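Participant: Sequence and predicted structure below; questions after.
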Amino acid sequence: MDERIYDLIFICRPDTPEADIDKIISTLEHAVAEKQAKIEKTEKWGRKRMAYRVHKLREGFYVYMTLRTTHGELVKELERRLKVSDPVIKYLTVRLDEELKRQAKLKAHRERRAARRPRKAPAPAGGEQAVAQS
Amino acid sequence: MAEENANQQQAPAPAPAPSGPRPSGGRGPRPSGPGGPRRGRRNYVRRKKVCRFCVDKVDFIDYKKADVLGQFIQERGKILPRRMTGTCARHQRWLTVAIKRAQNIALLPFGAEI
């Protein structure tokens, strides 16, 4: 099966001690390691104001991680863990590989076109000046 | 085109009374959004709006960049239509998805501020 890339964001209560957040992250890391998947990066965005109130809270501690895996069930497992952990008030997993693939394709396409253009540009200057003037 | 339509509408106007006020009523003043041109009857100069994502050659609209996405929603959280922002169809499609994702993780509001 193809490898998939996921984004995982979760929001903790703002009053959670940093140690607890690290604990949640490490449990997720364990779960990921069990399935032979890989966490590409983990970013703590820190306390941010949320756009709307969640559980009567206006702020939340955002944690963002990217992971790649071949097991789709891993996401289910991670979401289950986030759901049962009390400090987590919100989470979101987004599958990104298809969009990244599309992005790569468009980028390659653009680069191909860009590479072709300089070769085309000198050609009219060489001989076909009529084309250039028209 | 516009004149023809106006003539066609005005021609039957004297006979049936109800259709009389319609041409003159026309479009009332609408709340002009950001970049939304004021629409007069005929005399308006509209700048051609260009898709901002096409200018920047964006291949992927990141749902995490709330500050960028925030420019494409109304005060009350609605997604701005293409005719207001000039976004091209393809980028608007990606933009909606990105905005909806951002809403889900509380980066953007769903509705009015509480």
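Facilitator: Ah, there it is. Residues are numbered from 1 along each chain as shown, chains lettered A, B, ... in the order given.
Participant: so does the longest helix belonging to chain A get close to chain B?
Facilitator: In chain A, assigned by DSSP state H, the helix with the most residues is helix A:97-120. Yes. Helix A:97-120 is in contact with chain B by Cβ under 8 Å from any Cβ of the partner chain, via A:99-100, A:102-103, A:106-107, A:110. For every residue, glycine as well, the C-beta is placed using N, CA and C.
Participant: Contacts for the biggest strand by length in chain A, please.
Facilitator: Counting residues, the longest strand in chain A under DSSP state E turns out to be strand A:38-54. The contact list for strand A:38-54 (Cβ atoms under 8 Å, 6 or more residues apart in numbering or on different chains) reads A:5, A:11, A:14, A:21, A:25, A:28-29, A:32, A:57-69, A:89-90, B:66, B:103, B:106-111, B:113-114.
Participant: tell me which residues of the longest helix of chain A are tucked away?
Facilitator: Judged by neighbour count using 16 or more other Cβ atoms under 10 Å in any protein chain shown, the buried positions of helix A:97-120 are A:Glu99.
Participant: lowest-confidence helix or strand of chain A?
Facilitator: The weakest-scoring helix or strand in chain A, judged by mean pLDDT, DSSP states H and E, is helix A:129-133 (a mean of 46).
Participant: got a list of what A:Asp97 touches?
Facilitator: A:Asp97 neighbours (Cβ under 8 Å, 6+ apart): A:2-5, A:68.
Participant: same deal with B:Tyr63?
Facilitator: B:Tyr63 sits in contact with A:94, B:69, B:97-99, B:101-102, B:105, B:107, where contact means Cβ under 8 Å, 6+ apart.
Participant: Buried ones among those?
Facilitator: Looks like these have A:94, B:69, B:98-99, B:101-102, B:105, B:107 buried, using 16+ other Cβ under 10 Å.
Participant: Is it possible to get TSV of these that adds distance to A:Arg47?
Facilitator: Supplementary listing: the buried ones among the contacts of B:Tyr63 in TSV, determined by distance: Cβ to Cβ, whole Å:
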residue	distance to A:Arg47
A:Val94	22
B:Leu69	21
B:Ala98	23
B:Ile99	23
B:Arg101	21
B:Ala102	18
B:Ile105	15
B:Leu107	14
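Participant: what's the most distant pair in the residues you listed?
Facilitator: A:Val94 and B:Leu69 (14.2 Å; Cβ to Cβ).
Participant: Surely A:Tyr62 is in contact with A:Ile11?
Facilitator: Yes. The criterion here is Cβ atoms under 8 Å, and A:Tyr62 meets it with A:Ile11 at 5.6 Å.
Participant: Low-confidence bits of chain B, can you list those?
Facilitator: B:1-44, B:46, B:113-114 (pLDDT under 70).
Participant: Compute the inter-axis angle for the longest helix along it and helix A:97-120.
Facilitator: The single longest helix within chain B, with elements called by DSSP H, is helix B:89-104. The directions of helix B:89-104 and helix A:97-120 differ by 150 degrees, with axes from the mean of the first three to the mean of the last three Cα atoms, to 10 degrees as the criterion.
Participant: can you list the domains in chain B?
Facilitator: Per automatic domain parsing, the structural domains of chain B span B:1-28, B:52-104.
Participant: returning to that earlier point: distance from the chain centre to the longest strand of chain A, please.
Facilitator: 12 Å (Cα atoms, centre = their mean, to the nearest Å).
Participant: who does that strand pair up with?
Facilitator: Here strand A:38-54 is paired, per DSSP bridges, with strand A:57-69 (antiparallel).
Participant: Counting neighbours, which bits of the partner strand end up buried?
Facilitator: Buried residues in strand A:57-69 (16+ other Cβ under 10 Å): A:57, A:60-67, A:69.
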